[in-house]
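**Q** sequence unavailable; structure follows:
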(Lines give C-alpha, C1' and ligand atoms only; values in the text may rest on other atoms or scores of the structure.)
Protein backbone atom coordinates (compact mmCIF):
# COMPACT_ATOMS: atom_id res chain seq x y z
CA UNK A 1 0.00 0.00 0.00
CA UNK A 2 1.23 3.54 -0.77
CA UNK A 3 2.68 5.53 2.09
CA UNK A 4 0.50 8.60 2.70
CA UNK A 5 1.96 11.97 1.78
CA UNK A 6 0.47 13.36 5.00
CA UNK A 7 -0.77 11.32 7.94
CA UNK A 8 -2.26 12.41 11.26
CA UNK A 9 -2.41 9.92 14.14
CA UNK A 10 -4.59 10.87 17.12
CA UNK A 11 -3.84 14.57 16.74
CA UNK A 12 -5.37 16.87 19.36
CA UNK A 13 -5.02 20.66 19.49
CA UNK A 14 -6.18 22.95 22.28
CA UNK A 15 -6.15 26.71 22.70
CA UNK A 16 -6.39 27.25 26.42
CA UNK A 17 -9.44 25.30 27.61
CA UNK A 18 -10.94 25.06 24.11
CA UNK A 19 -10.30 21.85 22.19
CA UNK A 20 -10.38 22.52 18.44
CA UNK A 21 -9.13 19.15 17.14
CA UNK A 22 -9.55 15.90 19.04
CA UNK A 23 -8.02 12.55 18.14
CA UNK A 24 -7.83 13.40 14.44
CA UNK A 25 -6.73 10.59 12.14
CA UNK A 26 -6.36 11.22 8.41
CA UNK A 27 -4.41 10.23 5.33
CA UNK A 28 -3.68 12.32 2.23
CA UNK A 29 -2.14 10.64 -0.82
CA UNK A 30 0.20 11.97 -3.46
CA UNK A 31 -1.11 12.99 -6.87
CA UNK A 32 -4.72 13.30 -5.75
CA UNK A 33 -7.20 16.10 -5.09
CA UNK A 34 -8.18 15.80 -1.43
CA UNK A 35 -10.81 18.10 0.04
CA UNK A 36 -11.28 18.74 3.75
CA UNK A 37 -14.89 19.78 4.32
CA UNK A 38 -16.84 20.99 7.31
CA UNK A 39 -18.87 23.91 8.53
CA UNK A 40 -17.31 27.33 9.09
CA UNK A 41 -15.49 27.35 12.41
CA UNK A 42 -15.11 23.56 12.48
CA UNK A 43 -11.31 23.76 12.70
CA UNK A 44 -10.33 23.30 9.06
CA UNK A 45 -7.85 26.17 9.06
CA UNK A 46 -6.27 24.89 12.27
CA UNK A 47 -5.90 21.48 10.63
CA UNK A 48 -4.37 23.10 7.55
CA UNK A 49 -1.81 24.98 9.65
CA UNK A 50 -0.66 21.66 11.13
CA UNK A 51 -0.05 20.31 7.62
CA UNK A 52 2.25 23.22 6.73
CA UNK A 53 3.96 23.25 10.12
CA UNK A 54 2.59 26.55 11.46
CA UNK A 55 1.05 24.73 14.42
CA UNK A 56 2.15 21.71 16.43
CA UNK A 57 -0.25 19.25 18.05
CA UNK A 58 -0.64 19.04 21.81
CA UNK A 59 -1.09 15.30 21.43
CA UNK A 60 -0.60 12.82 18.59
CA UNK A 61 1.78 12.57 15.67
CA UNK A 62 2.03 13.99 12.14
CA UNK A 63 3.98 12.24 9.39
CA UNK A 64 5.25 13.49 6.03
CA UNK A 65 5.93 10.63 3.61
CA UNK A 66 6.11 8.26 6.56
CA UNK A 67 8.57 10.35 8.55
CA UNK A 68 7.57 11.87 11.89
CA UNK A 69 7.81 15.66 11.65
CA UNK A 70 9.10 15.95 15.20
CA UNK A 71 12.07 13.75 14.27
CA UNK A 72 13.09 15.92 11.32
CA UNK A 73 16.02 18.25 11.74
CA UNK A 74 15.71 21.87 10.66
CA UNK A 75 17.19 21.27 7.20
CA UNK A 76 14.82 18.34 6.51
CA UNK A 77 11.82 20.34 7.67
CA UNK A 78 12.73 23.35 5.52
CA UNK A 79 13.24 21.06 2.53
CA UNK A 80 9.86 19.37 3.04
CA UNK A 81 7.98 22.64 3.53
CA UNK A 82 9.65 24.21 0.49
CA UNK A 83 7.77 21.72 -1.66
CA UNK A 84 4.42 22.95 -0.36
CA UNK A 85 2.73 26.04 -1.82
CA UNK A 86 -0.33 27.94 -0.63
CA UNK A 87 -3.09 29.70 -2.54
CA UNK A 88 -4.90 32.15 -0.30
CA UNK A 89 -8.66 32.58 -0.21
CA UNK A 90 -8.37 36.27 -1.09
CA UNK A 91 -5.62 35.62 -3.70
CA UNK A 92 -3.29 37.95 -1.70
CA UNK A 93 -1.91 39.60 -4.84
CA UNK A 94 0.05 42.80 -4.19
CA UNK A 95 -1.93 45.65 -5.72
CA UNK A 96 1.19 47.76 -6.36
CA UNK A 97 2.87 45.00 -8.40
CA UNK A 98 2.10 43.76 -11.91
CA UNK A 99 0.98 40.21 -12.55
CA UNK A 100 4.51 39.41 -13.72
CA UNK A 101 6.08 40.76 -10.52
CA UNK A 102 3.52 39.02 -8.30
CA UNK A 103 4.28 35.68 -9.91
CA UNK A 104 8.04 36.25 -9.77
CA UNK A 105 8.04 37.26 -6.09
CA UNK A 106 8.60 33.80 -4.52
CA UNK A 107 11.61 33.21 -6.77
CA UNK A 108 13.05 36.66 -6.01
CA UNK A 109 12.62 36.25 -2.25
CA UNK A 110 13.39 32.58 -1.70
CA UNK A 111 15.94 31.54 -4.34
CA UNK A 112 19.31 32.61 -5.69
CA UNK A 113 18.17 32.31 -9.30
CA UNK A 114 19.54 34.81 -11.79
CA UNK A 115 17.24 37.39 -13.34
CA UNK A 116 17.25 35.64 -16.72
CA UNK A 117 16.30 32.31 -15.13
CA UNK A 118 13.48 33.94 -13.18
CA UNK A 119 12.19 35.63 -16.32
CA UNK A 120 12.20 32.36 -18.26
CA UNK A 121 10.29 30.49 -15.58
CA UNK A 122 7.78 33.28 -14.94
CA UNK A 123 6.98 33.65 -18.62
CA UNK A 124 6.51 29.89 -18.91
CA UNK A 125 3.99 29.91 -16.06
CA UNK A 126 2.25 32.97 -17.49
CA UNK A 127 1.86 31.24 -20.83
CA UNK A 128 0.73 27.97 -19.25
CA UNK A 129 -1.96 29.71 -17.20
CA UNK A 130 -3.10 31.82 -20.18
CA UNK A 131 -2.09 35.17 -18.69
CA UNK A 132 0.17 36.45 -21.48
CA UNK A 133 -1.95 39.52 -22.19
CA UNK A 134 -2.19 40.32 -18.48
CA UNK A 135 1.51 40.09 -17.59
CA UNK A 136 2.02 43.87 -17.35
CA UNK A 137 -1.35 44.64 -15.77
CA UNK A 138 -2.11 45.25 -12.12
CA UNK A 139 -4.54 43.04 -10.13
CA UNK A 140 -7.20 45.76 -10.08
CA UNK A 141 -7.28 45.65 -13.89
CA UNK A 142 -8.09 41.93 -13.98
CA UNK A 143 -11.35 40.02 -13.76
CA UNK A 144 -11.90 37.80 -10.73
CA UNK A 145 -11.12 34.70 -12.76
CA UNK A 146 -7.83 36.11 -14.05
CA UNK A 147 -6.85 37.13 -10.52
CA UNK A 148 -7.38 33.51 -9.44
CA UNK A 149 -5.18 32.33 -12.33
CA UNK A 150 -2.47 34.82 -11.35
CA UNK A 151 -2.59 33.61 -7.75
CA UNK A 152 -2.34 30.01 -8.93
CA UNK A 153 0.57 30.83 -11.27
CA UNK A 154 2.40 32.35 -8.30
CA UNK A 155 1.63 29.28 -6.18
CA UNK A 156 3.06 27.05 -8.94
CA UNK A 157 6.16 29.12 -9.72
CA UNK A 158 8.39 27.16 -7.33
CA UNK A 159 7.32 23.82 -8.88
CA UNK A 160 5.67 22.64 -5.65
CA UNK A 161 4.68 19.04 -5.12
CA UNK A 162 1.72 20.08 -2.96
CA UNK A 163 -0.62 23.07 -3.31
CA UNK A 164 -3.01 24.02 -0.50
CA UNK A 165 -6.20 25.89 -1.42
CA UNK A 166 -7.88 27.73 1.44
CA UNK A 167 -11.62 28.21 0.70
CA UNK A 168 -10.98 28.96 -3.00
CA UNK A 169 -14.62 29.59 -3.95
CA UNK A 170 -15.95 31.46 -0.90
CA UNK A 171 -18.07 34.46 -1.82
CA UNK A 172 -18.21 33.58 -5.52
CA UNK A 173 -21.38 33.25 -7.58
CA UNK A 174 -22.31 29.77 -8.90
CA UNK A 175 -20.77 30.25 -12.35
CA UNK A 176 -17.50 31.58 -10.88
CA UNK A 177 -17.37 28.70 -8.38
CA UNK A 178 -17.61 26.28 -11.27
CA UNK A 179 -14.87 28.10 -13.17
CA UNK A 180 -12.49 28.17 -10.19
CA UNK A 181 -12.96 24.48 -9.38
CA UNK A 182 -12.54 23.56 -13.05
CA UNK A 183 -9.33 25.60 -13.11
CA UNK A 184 -7.95 23.77 -10.07
CA UNK A 185 -8.81 20.39 -11.62
CA UNK A 186 -7.32 21.35 -14.99
CA UNK A 187 -4.01 22.59 -13.61
CA UNK A 188 -3.71 19.78 -11.08
CA UNK A 189 -3.71 17.34 -13.99
CA UNK A 190 -1.48 19.57 -16.11
CA UNK A 191 1.23 20.09 -13.48
CA UNK A 192 0.67 16.86 -11.53
CA UNK A 193 0.74 18.40 -8.06
CA UNK A 194 -1.12 17.10 -5.03
CA UNK A 195 -4.03 19.41 -4.23
CA UNK A 196 -5.39 19.83 -0.72
CA UNK A 197 -8.53 21.96 -0.61
CA UNK A 198 -10.13 23.31 2.55
CA UNK A 199 -13.75 24.22 1.97
CA UNK A 200 -17.21 24.52 3.51
CA UNK A 201 -18.76 24.64 0.02
CA UNK A 202 -20.58 21.33 0.23
CA UNK A 203 -20.94 19.63 -2.20
CA UNK A 204 -19.49 21.82 -4.99
CA UNK A 205 -15.98 20.52 -4.31
CA UNK A 206 -17.01 16.85 -4.53
CA UNK A 207 -16.86 16.81 -8.27
CA UNK A 208 -13.16 17.49 -8.65
CA UNK A 209 -12.05 15.50 -5.57
CA UNK A 210 -10.56 12.03 -5.43
CA UNK A 211 -10.94 11.88 -1.65
CA UNK A 212 -13.07 13.70 0.89
CA UNK A 213 -12.16 14.21 4.55
CA UNK A 214 -15.13 15.27 6.68
CA UNK A 215 -14.32 17.30 9.80
CA UNK A 216 -17.20 17.17 12.26
CA UNK A 217 -17.34 17.79 16.00
CA UNK A 218 -13.54 18.31 16.28
CA UNK A 219 -12.53 15.11 14.51
CA UNK A 220 -12.41 13.42 11.12
CA UNK A 221 -15.55 11.29 10.87
CA UNK A 222 -15.10 10.19 7.25
CA UNK A 223 -12.38 9.75 4.65
CA UNK A 224 -13.01 8.19 1.29
CA UNK A 225 -14.39 8.88 -2.17
CA UNK A 226 -17.31 11.26 -2.82
CA UNK A 227 -19.41 8.25 -3.86
CA UNK A 228 -18.66 6.49 -0.56
CA UNK A 229 -19.63 9.62 1.36
CA UNK A 230 -23.09 9.48 -0.25
CA UNK A 231 -23.64 6.13 1.54
CA UNK A 232 -22.12 7.29 4.84
CA UNK A 233 -24.71 7.03 7.62
CA UNK A 234 -23.76 9.80 10.05
CA UNK A 235 -25.20 13.12 11.30
CA UNK A 236 -22.58 14.89 9.20
CA UNK A 237 -24.49 13.82 6.11
CA UNK A 238 -27.37 16.05 7.20
CA UNK A 239 -25.11 18.91 6.11
CA UNK A 240 -24.71 17.26 2.75
CA UNK A 241 -28.46 16.81 2.30
CA UNK A 242 -29.14 20.46 3.13
CA UNK A 243 -26.39 21.59 0.82
CA UNK A 244 -27.68 19.50 -2.05
CA UNK A 245 -30.62 21.88 -2.26
CA UNK A 246 -28.18 24.51 -3.46
CA UNK A 247 -26.07 22.19 -5.59
CA UNK A 248 -24.74 24.08 -8.59
CA UNK A 249 -24.86 22.45 -11.97
CA UNK A 250 -22.18 22.44 -14.60
CA UNK A 251 -22.23 25.19 -17.20
CA UNK A 252 -23.86 22.69 -19.56
CA UNK A 253 -27.02 23.11 -17.48
CA UNK A 254 -27.13 19.43 -16.49
CA UNK A 255 -25.49 17.43 -13.77
CA UNK A 256 -22.42 15.47 -14.80
CA UNK A 257 -22.76 11.70 -14.55
CA UNK A 258 -20.67 11.76 -11.38
CA UNK A 259 -22.80 14.51 -9.82
CA UNK A 260 -25.96 12.68 -10.87
CA UNK A 261 -24.76 9.43 -9.30
CA UNK A 262 -23.91 11.09 -5.99
CA UNK A 263 -27.15 13.03 -5.89
CA UNK A 264 -29.18 9.91 -6.71
CA UNK A 265 -27.57 7.90 -3.93
CA UNK A 266 -27.86 10.67 -1.38
CA UNK A 267 -31.52 11.39 -2.10
CA UNK A 268 -32.64 7.76 -2.08
CA UNK A 269 -30.66 6.43 0.87
CA UNK A 270 -33.02 8.25 3.24
CA UNK A 271 -36.17 6.77 1.71
CA UNK A 272 -37.98 3.86 3.29
CA UNK A 273 -37.80 0.53 1.40
CA UNK A 274 -41.48 0.69 0.51
CA UNK A 275 -41.29 4.22 -0.89
CA UNK A 276 -41.07 4.79 -4.65
CA UNK A 277 -39.36 7.13 -7.07
CA UNK A 278 -39.57 7.46 -10.84
CA UNK A 279 -37.18 7.75 -13.77
CA UNK A 280 -37.88 9.29 -17.17
CA UNK A 281 -35.62 8.47 -20.12
CA UNK A 282 -35.42 10.60 -23.27
CA UNK A 283 -33.76 9.25 -26.43
CA UNK A 284 -32.78 11.00 -29.66
CA UNK A 285 -33.02 8.76 -32.72
CA UNK A 286 -30.17 7.87 -35.09
CA UNK A 287 -27.75 10.54 -33.88
CA UNK A 288 -24.83 9.10 -35.87
CA UNK A 289 -26.62 9.72 -39.16
CA UNK A 290 -27.87 13.12 -38.02
CA UNK A 291 -24.35 14.27 -37.04
CA UNK A 292 -22.95 13.19 -40.41
CA UNK A 293 -25.59 15.26 -42.23
CA UNK A 294 -25.81 18.47 -40.15
CA UNK A 295 -22.35 18.50 -38.56
CA UNK A 296 -21.12 17.86 -35.04
CA UNK A 297 -21.45 21.44 -33.76
CA UNK A 298 -25.01 21.86 -35.01
CA UNK A 299 -26.03 18.49 -33.56
CA UNK A 300 -24.48 19.25 -30.17
CA UNK A 301 -26.17 22.63 -30.10
CA UNK A 302 -29.56 20.97 -30.50
CA UNK A 303 -28.79 18.23 -27.99
CA UNK A 304 -27.69 20.88 -25.50
CA UNK A 305 -30.92 22.85 -26.04
CA UNK A 306 -33.04 19.74 -25.53
CA UNK A 307 -31.18 18.95 -22.31
CA UNK A 308 -31.73 22.49 -21.01
CA UNK A 309 -35.43 22.25 -21.87
CA UNK A 310 -35.80 18.92 -20.05
CA UNK A 311 -33.98 20.16 -16.98
CA UNK A 312 -35.90 23.44 -16.84
CA UNK A 313 -39.21 21.58 -16.75
CA UNK A 314 -38.34 18.81 -14.29
CA UNK A 315 -35.87 20.78 -12.16
CA UNK A 316 -38.65 23.14 -11.13
CA UNK A 317 -40.42 20.27 -9.35
CA UNK A 318 -37.40 18.71 -7.65
CA UNK A 319 -36.18 16.43 -10.43
CA UNK A 320 -32.54 16.17 -11.55
CA UNK A 321 -31.19 15.17 -14.94
CA UNK A 322 -28.05 14.04 -16.68
CA UNK A 323 -26.94 13.31 -20.22
CA UNK A 324 -26.20 9.63 -19.72
CA UNK A 325 -25.14 8.89 -23.30
CA UNK A 326 -24.58 10.93 -26.44
CA UNK A 327 -28.23 10.45 -27.38
CA UNK A 328 -29.88 9.83 -24.01
CA UNK A 329 -31.05 11.96 -21.07
CA UNK A 330 -32.17 10.52 -17.73
CA UNK A 331 -34.31 12.39 -15.21
CA UNK A 332 -34.99 11.22 -11.65
CA UNK A 333 -38.18 12.30 -9.88
CA UNK A 334 -37.29 11.35 -6.29
CA UNK A 335 -40.59 12.41 -4.72
CA UNK A 336 -43.11 11.01 -7.24
CA UNK A 337 -44.97 7.75 -7.61
CA UNK A 338 -45.84 6.37 -11.04
CA UNK A 339 -49.26 8.07 -11.34
CA UNK A 340 -47.83 11.48 -10.43
CA UNK A 341 -44.82 10.99 -12.70
CA UNK A 342 -46.98 9.99 -15.66
CA UNK A 343 -49.02 13.17 -15.24
CA UNK A 344 -45.82 15.23 -15.01
CA UNK A 345 -44.47 13.62 -18.18
CA UNK A 346 -47.79 14.21 -19.93
CA UNK A 347 -47.63 17.92 -19.08
CA UNK A 348 -44.04 18.04 -20.34
CA UNK A 349 -44.98 16.39 -23.64
CA UNK A 350 -47.85 18.82 -24.19
CA UNK A 351 -45.60 21.78 -23.44
CA UNK A 352 -42.79 20.37 -25.60
CA UNK A 353 -45.09 19.86 -28.59
CA UNK A 354 -46.80 23.22 -28.15
CA UNK A 355 -43.76 25.46 -27.74
CA UNK A 356 -40.59 23.49 -26.96
CA UNK A 357 -39.85 22.23 -30.46
CA UNK A 358 -40.41 25.62 -32.07
CA UNK A 359 -38.30 27.33 -29.37
CA UNK A 360 -35.37 24.95 -29.92
CA UNK A 361 -35.60 25.19 -33.70
CA UNK A 362 -35.80 28.98 -33.49
CA UNK A 363 -32.72 29.23 -31.26
CA UNK A 364 -30.63 26.92 -33.43
CA UNK A 365 -31.52 28.04 -36.97
CA UNK A 366 -29.55 31.28 -36.78
CA UNK A 367 -31.05 32.50 -40.03
CA UNK A 368 -30.42 29.27 -41.95
CA UNK A 369 -32.97 28.56 -44.68
CA UNK A 370 -34.19 24.99 -44.58
CA UNK A 371 -33.70 24.21 -48.30
CA UNK A 372 -32.61 20.77 -47.21
CA UNK A 373 -33.44 19.36 -43.82
CA UNK A 374 -33.48 16.21 -41.75
CA UNK A 375 -35.77 15.28 -38.88
CA UNK A 376 -34.91 13.29 -35.82
CA UNK A 377 -37.41 11.94 -33.35
CA UNK A 378 -37.40 12.36 -29.58
CA UNK A 379 -38.73 9.49 -27.51
CA UNK A 380 -39.70 9.39 -23.83
CA UNK A 381 -40.62 6.71 -21.33
CA UNK A 382 -41.10 6.47 -17.60
CA UNK A 383 -40.85 3.78 -14.91
CA UNK A 384 -41.10 3.40 -11.14
CA UNK A 385 -38.39 2.03 -8.89
CA UNK A 386 -37.58 1.21 -5.28
CA UNK A 387 -34.68 2.82 -3.34
CA UNK A 388 -33.12 -0.58 -2.75
CA UNK A 389 -33.01 -1.38 -6.49
CA UNK A 390 -30.27 -0.23 -8.83
CA UNK A 391 -31.17 2.66 -11.10
CA UNK A 392 -30.00 0.79 -14.21
CA UNK A 393 -32.93 -1.64 -13.99
CA UNK A 394 -35.37 1.27 -13.65
CA UNK A 395 -33.80 3.01 -16.67
CA UNK A 396 -34.12 -0.20 -18.69
CA UNK A 397 -37.82 -0.45 -17.81
CA UNK A 398 -38.39 3.22 -18.70
CA UNK A 399 -36.74 2.67 -22.09
CA UNK A 400 -39.06 -0.24 -22.79
CA UNK A 401 -42.01 2.14 -22.25
CA UNK A 402 -40.76 4.83 -24.66
CA UNK A 403 -42.92 6.48 -27.30
CA UNK A 404 -42.17 9.25 -29.76
CA UNK A 405 -43.08 12.67 -28.33
CA UNK A 406 -41.90 14.94 -31.16
CA UNK A 407 -39.62 15.52 -34.14
CA UNK A 408 -37.00 18.21 -34.53
CA UNK A 409 -36.14 19.58 -37.99
CA UNK A 410 -32.50 20.49 -38.73
CA UNK A 411 -30.88 22.13 -41.75
CA UNK A 412 -28.53 19.91 -43.72
CA UNK A 413 -25.05 21.26 -44.48
CA UNK A 414 -24.73 22.50 -48.06
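**A** Great, that's in hand. The shown structure was predicted, so the numbers you read here are calculated from the model rather than taken from an experiment.
**Q** can you point out the buried residues in stretch 305-314?
**A** 305, 306, 307, 308, 309, 310, 311, 313, 314 (16 or more other C-beta atoms under 10 Å). For glycine as for every other residue, the C-beta is placed from the backbone atoms N, C-alpha and C.
**Q** what's around residue 43, how many residues?
**A** Using other C-beta atoms under 10 Å, residue 43 is surrounded by 21 other residues.
**Q** what's the helix or strand hosting residue 301 packed up against?
**A** Here residue 301 sits within helix 296-315, counting by DSSP states H and E. In terms of contacts (3 or more C-beta pairs under 8 Å, 6 or more residues apart in numbering; DSSP states H and E), helix 296-315 is packed against strand 277-284, helix 287-294, strand 320-325, strand 328-333, helix 338-351, helix 357-365, strand 403-411.
**Q** of all those, which one comes closest to residue 166?
**A** Closest of the helices and strands packed on helix 296-315 to residue 166 is strand 320-325, at 30.4 Å (criterion: C-beta to C-beta).
**Q** same question for the closest one, mean pLDDT?
**A** Averaging pLDDT along strand 320-325 gives 78.
**Q** in that strand, which residues are buried?
**A** Going by 16+ other C-beta under 10 Å, strand 320-325 has these buried residues: 320, 321, 322, 323, 324.
**Q** can I get these in CSV with distance to residue 216?
**A** Listed next are the buried residues of strand 320-325 as CSV, based on distance: C-beta to C-beta, whole Å:
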residue, distance to residue 216
320, 26
321, 31
322, 29
323, 34
324, 33
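**Q** and of these, the nearest to residue 54?
**A** Of all these, residue 320 has the smallest distance to residue 54: 41.0 Å, by C-beta to C-beta.
**Q** residue 316: neighbour count?
**A** 8.
**Q** again with residue 36
**A** When neighbours are counted by other C-beta under 10 Å, residue 36 comes out with 28.
**Q** that one in helix, strand or coil?
**A** Of the three states, residue 36 takes strand under DSSP: H, G, I helix; E, B strand; the rest coil.
**Q** could you export the helices and strands packed on helix 296-315 to CSV, including columns for distance to residue 80?
**A** Listed next are the helices and strands packed on helix 296-315 as CSV, based on distance: least, C-beta to C-beta, whole Å:
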stretch, distance to residue 80
strand 277-284, 50
helix 287-294, 52
strand 320-325, 42
strand 328-333, 46
helix 338-351, 56
helix 357-365, 55
strand 403-411, 59
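**Q** those: which one's closest to residue 14?
**A** Minimum separation from residue 14 across the helices and strands packed on helix 296-315 (C-beta to C-beta) falls at strand 320-325, 43.0 Å.
**Q** how long is stretch 329-340 from one end to the other?
**A** 20 Å (C-alpha to C-alpha, to the nearest Å).
**Q** what sits up against that stretch?
**A** Stretch 329-340 is contacted from outside by 254, 260, 264, 267-268, 271, 276-282, 306-307, 310-311, 314, 317-324, 341, 344, 382-384, 391, 395, using C-beta atoms under 8 Å, 6 or more residues apart in numbering.
**Q** check stretch 114-121 too.
**A** Contact with stretch 114-121 is made by 104, 107, 108, 111, 113, 157, as judged by C-beta under 8 Å, 6+ apart.
**Q** next one, pLDDT for the third one please.
**A** When you say that, I think you mean residue 108. What the model reports as pLDDT for residue 108 is 91.
**Q** and it, what helix or strand is that in?
**A** helix 99-110.
**Q** now do the buried residues in the very next helix or strand once past that helix.
**A** The C-terminal neighbour of helix 99-110 among helices and strands, as given by DSSP H and E, is helix 115-128. Neighbour-count burial for helix 115-128, counted by 16+ other C-beta under 10 Å, picks out 118, 121, 122, 123, 125, 126.
**Q** and helix 115-128 with helix 99-110, angle?
**A** In terms of direction (axes from the mean of the first three to the mean of the last three C-alpha atoms, to 10 degrees), helix 115-128 departs from helix 99-110 by 130 degrees.
**Q** and the helix or strand just after helix 115-128, what does it pack against?
**A** Sequence-wise, the next helix or strand downstream of helix 115-128 (DSSP H and E) is helix 144-156. Secondary-structure packing of helix 144-156 (3+ C-beta pairs under 8 Å, 6+ apart): strand 84-87, helix 99-110, helix 115-128, strand 162-166, helix 174-191.
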